[in-house]
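>>> For reference, the sequence and a predicted model appear below.
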Amino acid sequence: MSDPQESRNLFSRNLIDTITKDALQQNRDSPINTVFSPASVQSCLTLAFMGASGSTAEELRNGLQLGPGDRHHIARSFGEFWRTNCNYGDRGPVLKSVNRLYVNDSLELHPEFNEIAVDFFQSKAEVAKFADSEGATQQINEWVELETEHKITNLLQSDAVNDETSAVLINALYFKGKWQKPFMPETTSLDAFHVDPDTRVEVNMMYQEDKFRFADLPQLKARAVQLPYEYSNIHMLILLPNEISGLQELELQLKDVDLADIDAAMILQDVEIFLPRMDIEYDVDLKQILNQLGIAEVFSDNAKLDGLFTSKTGQKISAAKHRGYINVNEAGSEAAAVTFMKIVPMMLNMNKKLFKVDHPFVFYIRNSQAVFFAGRYSNPRSGLKEEGASREGSNASMYNVPEQQ
């Protein structure tokens with residue numbers, strides 16, 4: 001596989017499928033909401049790939065769907081993608097991906113790795129005194145909070161690093177956009193959301209009627225609508241099963257579905273949309289997820305991350321965690337994602353379509369090139385947070401890498 005766009009979207013499909021199955025397995029007795037960032041997960045691990053060699057590098061290459069080419073080719077493609085897609089808010093949505101590498105004050109980055117990190121990942125290296133675990137985690141948490149506009153706070157506990165920590169790699173992905181066609185707050189009213197055929201929950205249901213890209217997807221037993229953000233090629237894609245209890249069946253099929261095919265099926269139509277306000281927070285253990293994607297050696301004592309430091313001491317990743325948060329309301333969207341890697345020695349007419357999102361569904365914040373955020377909403381009572389005045393999303397992942405023995 002050589003097309004970077006195809007590579008990114010295939011990795012997204014694999015990650016979404018694996019996280020979704022894991023979430024369902026762990027929450028069999030209760031419907032679960034999820035949100036996470038495939039783009040953030042891939043960003044952080046691709047930078048880790050730049051310091052890997054041998055079989056560890058090949059596992060990361062294959063698991064991340066990076067395709068052929070040497071490190072500089074992959075890094076150049078990756079850097080170009082973010083330069084093309086990032087926007088800092090002069091007009092249209094804010095989308096920024098920033099990286100920072102915190103390095104133990106006793107170590108020195110390998111010059112080649114440092115050059116790639118700076119040139120293509122805009123990853124600034126900063127010295128940290130990990131022996132002062134409380135001070136170091138505060139330093140990192142403050143940067144994360146700043147870069148995600150205060151959406152991700154207290155990412156690391158004070159015991160997350162210690163004097164044996166070699167480095168901490170952070171990727172922060174942040175998005176904030178207004179709907180091209182906002183919902184009017186005065187049209188929002190209480191309505192029923194069907195968690196399952198026997199359970200209904202009252203929600204704040206937003207409403208509008210306008211022209212939107214819409215598709216009936218009989219092969220998926222679902223319907224789709226795109227809600228675009230102003231001055232942007234980024235949109236929220238919502239896939240709604242036809243049946244109240246059809247979400248799991250839909251999710252099982254989506255691993256083999258290219259979202260570009262859904263784009264191609266959509267046409268501009270008059271659509272009456274009912275959409276609940278959403279507020280989701282979700283944590284996932286990425287280590288076992290990545291293992292299922294074939295990324296395992298980097299977590300073992302056989303890991304080859306010898307391209308990170310001038311020191312010959314072996315390194316491995318010992319833990320990986322991801323946190324997601326999103327809030328959806330009438331005005332638009334705000335989303336943030338953080339990936340952390342610790343190294344130690346993501347109108348009325350007869351043709352009008354009704355799109356009433358009153359039962360479990362999946363959603364994506366994306367464009368044709370990548371899925372920036374993905375999730376499912378199946379239970380308004382799951383992980384309730386206080387509703388904010390904007391729509392926000394964030395996710396965070398943490399990677400832990402102790403010294404090889």
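That came in fine, so what should we check first? Residues are numbered from 1 along each chain as shown.

>>> Please make it C-alpha for all contacts and neighbour counts, starting now.
Fine.

>>> In this protein, where is pLDDT below threshold?
Residue ranges of the chain with pLDDT under 70: 1-2, 318-319, 333-350, 382-405.

>>> What segments of the protein are helices?
For the chain, helices defined by DSSP state H occupy the ranges 4-26, 38-49, 54-63, 71-85, 111-121, 133-147, 247-254, 259-265, 286-292.

>>> Distance to T310 and mean neighbour count added to the ones you listed, as a markdown table?
Putting these into a markdown table (distance: least, C-alpha to C-alpha, whole Å; neighbours: other C-alpha atoms under 10 Å) gives the following:
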| stretch | distance to T310 | mean neighbour count |
| --- | --- | --- |
| helix 4-26 | 31 | 19 |
| helix 38-49 | 15 | 25 |
| helix 54-63 | 17 | 19 |
| helix 71-85 | 18 | 16 |
| helix 111-121 | 8 | 18 |
| helix 133-147 | 22 | 19 |
| helix 247-254 | 44 | 16 |
| helix 259-265 | 43 | 14 |
| helix 286-292 | 27 | 19 |
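
>>> residues near A215, how many?
Residues lying near A215 (other C-alpha atoms under 10 Å) number 21.

>>> Contact partners for it?
By C-alpha atoms under 8 Å, 6 or more residues apart in numbering, the contact list for A215 reads 223-225, 262, 265-267.

>>> Not counting its neighbours along the chain, what's nearest it?
Leaving aside its chain neighbours, A215 sits nearest to M266 (4.6 Å; criterion: C-alpha to C-alpha, 6 or more residues apart in numbering).

>>> Pull the contacting residues for the one you found.
213-215, 224-225.

>>> do you know how far the closest residue to M236 other than its chain neighbours is from V118?
Distances taken as C-alpha to C-alpha, 6+ apart place I365 nearest to M236, at 4.5 Å, with adjacent residues excluded. To V118, I365 is 27 Å away according to C-alpha to C-alpha, to the nearest Å.

>>> returning to what we had before: quick one: closest of the helices of the chain to I280.
Distance to I280, taken as C-alpha to C-alpha, is lowest for helix 4-26 among these, at 14.0 Å.

>>> How about residues contacting that closest one?
1, 31-32, 34, 38-39, 42, 63-67, 77, 251-252, 254-256, 258, 284, 289, 292-293, 368-371, 374.

>>> Check stretch 122-130 too.
With C-alpha under 8 Å, 6+ apart as the criterion, stretch 122-130 contacts 98-105, 114, 117-118, 135-136, 161-165.

>>> any idea how far it is from the chain center?
23 Å (C-alpha atoms, centre = their mean, to the nearest Å).

>>> Could the C-alpha coordinates of it be exported in CSV?
Extracted C-alpha coordinates of stretch 122-130, given in CSV (Å, rounded to 0.1, in the frame of the first residue of the first chain):
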residue,chain,number,x,y,z
GLN,A,122,7.2,19.8,14.6
SER,A,123,8.2,18.1,17.8
LYS,A,124,10.1,20.3,20.1
ALA,A,125,12.4,18.5,22.6
GLU,A,126,12.3,19.8,26.1
VAL,A,127,14.4,18.7,29.1
ALA,A,128,12.6,17.3,32.1
LYS,A,129,13.7,16.3,35.5
PHE,A,130,11.8,13.0,35.8
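
>>> quick one: buried residues of that stretch?
Neighbour-count burial for stretch 122-130 flags 122-123, 125, 128-130 (criterion: 16 or more other C-alpha atoms under 10 Å).

>>> hmm, back to that, in a markdown table, list the contacts of A215 along with distance to A52.
Converted to a markdown table, the contacts of A215 look like this (distance: C-alpha to C-alpha, whole Å):
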| residue | distance to A52 |
| --- | --- |
| R223 | 43 |
| A224 | 40 |
| V225 | 41 |
| I262 | 36 |
| A265 | 41 |
| M266 | 42 |
| I267 | 45 |
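
>>> ok, of those, which one's closest to A48?
Using C-alpha to C-alpha, I262 comes nearest to A48 of the contacts of A215, at 32.7 Å.

>>> How much space separates that closest one from P218?
Taking C-alpha to C-alpha as the measure, I262 falls 12 Å from P218.

>>> Also A39?
A39 is 29 Å from P218, by C-alpha to C-alpha.

>>> and the residue lying closest to G375 once chain neighbours are set aside, how far is that from R71?
Distances taken as C-alpha to C-alpha, 6+ apart place V35 nearest to G375, at 4.1 Å, with adjacent residues excluded. With distances taken as C-alpha to C-alpha, V35 is found 30 Å from R71.

>>> go on, F193?
Relative to R71, F193 is positioned 48 Å away (criterion: C-alpha to C-alpha).

>>> now do L169
18 Å.

>>> coming back round to it: what would the helices of the chain look like in TSV with distance to F299?
Output for these, formatted as TSV (distance: least, C-alpha to C-alpha, whole Å):
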stretch	distance to F299
helix 4-26	18
helix 38-49	12
helix 54-63	9
helix 71-85	21
helix 111-121	20
helix 133-147	22
helix 247-254	28
helix 259-265	31
helix 286-292	8
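
>>> Any buried residues in stretch 299-310, and which?
299-301, 303-309.

>>> what about it, start to end distance?
Span of stretch 299-310 from end to end, C-alpha to C-alpha: 21 Å.

>>> Just give me the neighbour total for L95.
21.

>>> Would you confirm that it contacts W82?
No: counting by C-alpha atoms under 8 Å, L95 does not reach W82; the two are 9.3 Å apart.

>>> which neighbours do the two share?
Common neighbours of L95 and W82 (C-alpha under 8 Å, 6+ apart) do not exist.
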